[in-house]
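A.B. asks: got a structure for you, letters missing:
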C-alpha cells in the first residue's frame, strides 16, 4: 500500500462518480484489475462446476482462468472474422440449460454485434456481462459500451497509462461482490505495479520501451503465467488518480484514434468497427500465417494476437497511438502492402 499513501482516498470516489455519471449507472466498484473484477463477479453469482459462461476464443487467457478459479466452466466460442467480436450463430449453437452468462468483449473498442447478443440473453434469461477494457467512451446506436448488459468490467491500463486498477459497473445490487472483495485483503509487491505500468506504456509515445518488455515476456516458456489472477484485490489511490485524470479527456483521445483508423480503413485489411467505437488498436489481417509471421519478424512494432481463434494466425496489431503522424501511418500501410498487395496511403 506504499503507493496508495501518495494520493488521498478522495480520488477513488472521484473516479467512481465520473464513471457512474458518464455511463448513468448506480454502482461502480473498484478493483486491482479488470480480471479481478470479473473473477469476483463470477464468484458472487455462486455458479457451480457445471455452470457455463460463454466467452470468445479471441481473448486474453486470464479471463477463462478467472471463470475456472471462480468455480464455473468457460465455453470458448469463435468470433466473427470481420468484427473480432462474438459470432451470434456460434453462440446460439453453444447455449444449453447450463449456460448462465455470456461475456461480450468489445474487442479493441468495437461494439458491433452486442445488440444481437443482448436480445438472445433476454430471450434465454441469461446474464450479459461486458468487457469494456478497450471500449470506455464508445457507443453503438446511441447506447454506451458498458450499459447494454447486466454487468460490465473495465481496466485502468488498456486505454491509459497506469500502475493497475479496474472496475465493476452495474445497476444491479453488487453488495455481495464488495463483501467478497473486502474479505480478502492482500497487499501487492512493487513488481506487480511495475509490470502493469510497463504494459500500459505500449499505447503511448513510450511504447518502444514497453515493446521490448513484451517481446521478452512473449519469448518465455509459459506466457500464461503473466495472466494469472492477482492476489491483491483493491485499487489504490494513485491508480484512481491516474484513471481520473485520463478518463476526463478520453473523448479527445478517441477522436484522434478514430482519424487514424479512418486513414487506414480501405487501405489495409482490418477490423470492421462502428462509427463510435474507441479504436484502441489498429489491426492488420494478412493473407496467411507465414506472411503475418514474416511481417512481425521484420517490423519491431507489429505484435501477434492471442492464439486459439480462427483469426489468430492471420492477424497482427499495433497500438493506435494519438502520437502517430500521417507519415507513420503511411509506413504501416506500405509495410503491410509488401505482403498483401492492395494499394498505398497517399
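C.D. replies: Nice, I can see it. These numbers were taken from a predicted model, which means no experiment stands behind them.
A.B. asks: three-state assignment of residue 29?
C.D. replies: strand (DSSP: H, G, I helix; E, B strand; the rest coil).
A.B. asks: okay, now it: neighbour count?
C.D. replies: Residues lying near residue 29 (other Cβ atoms under 10 Å) number 20. C-beta here means a position set from N, CA and C on the backbone, and glycine is covered the same way.
A.B. asks: what do you get for residue 46?
C.D. replies: Neighbour tally, residue 46, other Cβ under 10 Å: 12.
A.B. asks: check the one 4 residues further on too.
C.D. replies: Here the count is done by other Cβ under 10 Å, and residue 50 has 10 residues near it.
A.B. asks: which residues does the nearest residue to it once chain neighbours are set aside contact?
C.D. replies: Using Cβ to Cβ, 6 or more residues apart in numbering and skipping the chain neighbours, the partner closest in space to residue 50 is residue 98 (5.4 Å). By Cβ atoms under 8 Å, 6 or more residues apart in numbering, residue 98 lies in contact with 50-52, 73.
A.B. asks: what pLDDT does residue 98 get?
C.D. replies: pLDDT for residue 98: 98.
A.B. asks: distance of it from residue 297?
C.D. replies: Distance of residue 98 to residue 297, given as Cβ to Cβ, to the nearest Å: 43 Å.
A.B. asks: residue nearest the centroid of the protein?
C.D. replies: Centroid-nearest residue in the chain, with Cα atoms, centre = their mean: residue 133, separated by 3.5 Å.
A.B. asks: check contacts around the nearest residue to that one once chain neighbours are set aside.
C.D. replies: Excluding its sequence neighbours, the residue lying closest to residue 133 (Cβ to Cβ, 6+ apart) is residue 155, at 4.0 Å. Going by Cβ under 8 Å, 6+ apart, residue 155 touches 33-34, 133, 165-166.
A.B. asks: could you look up the SS state of the residue nearest to the centre of the chain?
C.D. replies: Put simply, residue 133 is coil when judged by three-state DSSP.
A.B. asks: thought it was touching residue 34?
C.D. replies: Yes - using Cβ atoms under 8 Å, residue 133 makes contact with residue 34 at a distance of 5.1 Å.
A.B. asks: hey, what's residue 77 bridged with?
C.D. replies: Note on residue 77: beta-bridge partners residue 56, judged by DSSP bridges.
A.B. asks: tell me the contacts of it?
C.D. replies: By Cβ under 8 Å, 6+ apart, the residues touching residue 77 are 54-57, 86-87, 90-91, 94.
A.B. asks: now, the most widely separated pair of these?
C.D. replies: Across those, no pair lies farther apart than 55 and 87, at 12.6 Å, counting by Cβ to Cβ.
A.B. asks: higher neighbour count, these two?
C.D. replies: Per other Cβ under 10 Å, whichever of residue 55 and residue 87 has more neighbours is residue 55, with 24 against 21.
A.B. asks: leaving out chain neighbours, which residue sits closest to that one?
C.D. replies: Nearest one to residue 55, counting by Cβ to Cβ, 6+ apart, is residue 103 at 4.6 Å.
A.B. asks: residues contacting the helix or strand harbouring the one you found, please?
C.D. replies: Element membership of residue 103, judged by DSSP states H and E, is strand 99-105. By Cβ under 8 Å, 6+ apart, the surrounding residues in contact with strand 99-105 are 38, 42, 45, 47, 51-56, 58-59, 63, 72, 75, 85-86, 91, 113-114, 117, 120-121, 124, 126-131, 133, 148-149.
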